[in-house]
Each structure stands twice: as C-alpha cells, then as structure tokens.
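quick one, what's the 3D model for this:
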Amino acid sequence: MQNHPHISFLGVNDGSKDLTELLLSELQHEFKNQFEALNLQKNGGKAEAVRQGILHAAQQGNFEYLGYWDADFSTPLSELDHFIAFSGGRLSHSIIMGSRIARLGSRVQRKMMRHYLGRVFSTLTSRVLKLRVYDTQCGAKLIAANEAKDLFEKPFVSKWFFDVEVIARFIVKYGRKKTYTHILEVPLNEWVEVGGSKLKVMDFIKVPLELLKIRRHYKLG
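Residues are numbered from 1 along each chain as shown. Predicted coordinates:
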C-alpha cells in the first residue's frame with residue numbers, strides 16, 4: 001500500500017469467524033488514511049462480498065475507478081501500474097480486466113490442469129456471451145465508478161461466476177458492440193497461483209448449468 005499512496009483500499013470480511021476481522025482492524029489502524037475495513041455480519045460468499053464492497057466504496061468518495069483484487073494477491077498490486085500503462089497512461093475504459101496469459105517475458109504460473117480447464121471455461125463463456133473473452137475469472141478488475149452502481153446494484157444469480165454476470169449486465173445495458181470497445185483485457189505481467197481455492201476440479205461439472213442459468217437470466221440467447 002505504501003507504494004500506491006494514490007489508491008484507497010477496502011478490506012471486506014465476509015462474516016468470517018477467524019482472525020480476519022482483527023487483521024483488517026490492524027491494517028485500518030496502521031493505514032488509517034488509506035485503508036478501511038468492512039465487516040459483513042453474514043457470510044454470503046465471494047460474489048456478495050465483492051458486490052457489497054463495491055457498493056460501499058462507491059458511497060465513500062469521488063473515485064474515478066473502483067475495483068476488486070483477490071486477497072491472496074496472486075495478482076500483485078504492481079499490476080495496477082501495468083493496467084494504467086497498458087491503457088495508454090489513462091483509464092478510459094468502463095471495465096479493465098486482468099488476463100492470465102502465459103507468454104515470454106511474463107511470470108504467469110498456473111497448474112497445467114487448471115490452465116486447460118480455464119481454456120474450456122473461457123470457450124463456453126465466450127459462446128454464452130457471444131463475445132471473444134480470454135479470461136473472465138481473474139480476480140483483478142477495475143470498474144469505472146460511474147458504472148459501478150448499475151453493474152453491482154442487484155445480487156448475482158451465480159455463486160461462482162459473478163464476473164461473467166458483470167459482463168452480461170454490461171451487454172444488456174449497452175449491447176455487444178459497445179462492450180467490445182469499452183472493456184479491456186490486460187495480459188498480466190505476473191500471476192502466481194496460490195493454494196486453497198474453494199473451487200475444485202469436480203466443481204467444473206457444474207459449469208454448464210451455471211452458465212446456462214446466466215444465459216437465461218440475462219436473455220443472452
């Protein structure tokens with residue numbers, strides 16, 4: 001955080017019963033001008049925690065962009081500067097999404113099986129959205145503050161794939177043509193898989209049903 005004095009941070013405790021609340025309280029005390037803690041009373045899952053965090057942040061100040069970052073920092077905060085540089089030194093897109101593309105010169109480390117499952121998922125997602133998208137599930141995204149309320153106002157219908165729903169809501173609001181030009185995927189310079197993910201390989205069996213639920217709800221057919 002000290003390397004990003006121009007950024008305000010919000011840590012969301014999703015009703016956790018462990019030491020998360022204490023940790024966030026300590027961070028808030030140490031970085032009182034830059035860090036705020038939001039403690040939710042009820043565990044509602046990642047999608048709801050992100051939604052509540054975005055809506056809370058939208059009420060706190062006159063921000064240009066709001067965003068969410070996985071707390072395990074598999075995507076390091078240094079990628080924020082990369083987002084800005086990649087977009088030409090100015091943040092002019094409605095949504096900027098990190099994309100985990102392993103390539104020469106990058107440090108993107110992911111288990112081979114998860115990489116292949118991710119490619120299958122991206123293919124299915126692209127068919128559902130009818131858009132070419134490489135990586136919807138990377139936990140590093142920036143959302144233009146003036147779009148945040150509309151995109152996050154209502155609870156998500158999918159437990160795991162709310163990122164897909166954010167894009168679906170943008171399509172419903174603006175159409176696919178504007179979605180192509182106003183959402184930017186940024187290939188990350190660094191991303192290292194951290195263990196402990198709650199989404200297991202067997203859970204991918206449910207993927208088609210979840211995506212079908214999203215397709216029907218937003219009438220994307």
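
so which elements touch the lowest-mean-pLDDT helix or strand in the chain?
Using mean pLDDT, DSSP states H and E, the weakest-scoring helix or strand in the chain turns out to be helix 79-86, at a mean of 86. The contact analysis (3 or more Cβ pairs under 8 Å, 6 or more residues apart in numbering; DSSP states H and E) places helix 79-86 against strand 95-99, strand 183-187. C-beta here means a position set from N, CA and C on the backbone, and glycine is covered the same way.

can you give me the buried ones in stretch 44-52?
46-52 (16 or more other Cβ atoms under 10 Å).

can you get me a residue count around residue 219?
Using other Cβ atoms under 10 Å, residue 219 is surrounded by 8 other residues.

identify the residues contacting it.
Residues near residue 219 by Cβ atoms under 8 Å, 6 or more residues apart in numbering: residue 172.

against residue 36, how distant is it?
Between residue 219 and residue 36 the distance is 37 Å, computed by Cβ to Cβ, to the nearest Å.

do residue 163 as well
For residue 163, the distance to residue 36 - Cβ to Cβ - is 23 Å.

which residues does the longest helix anywhere in the chain contact?
Scanning the chain for the helix with the most residues, using DSSP state H, yields helix 112-129. The contact list for helix 112-129, computed with Cβ under 8 Å, 6+ apart, reads 100, 102, 110, 132-137, 161, 164, 167-168, 171, 193, 201, 204, 207-208, 211-212, 214-215, 220.

residue 21 sits in which helix or strand?
Element membership of residue 21, judged by DSSP states H and E, is helix 20-30.

now residue 185: closest residue in space that isn't a chain neighbour?
Nearest non-adjacent residue to residue 185, counting by Cβ to Cβ, 6 or more residues apart in numbering: residue 99, 4.3 Å away.
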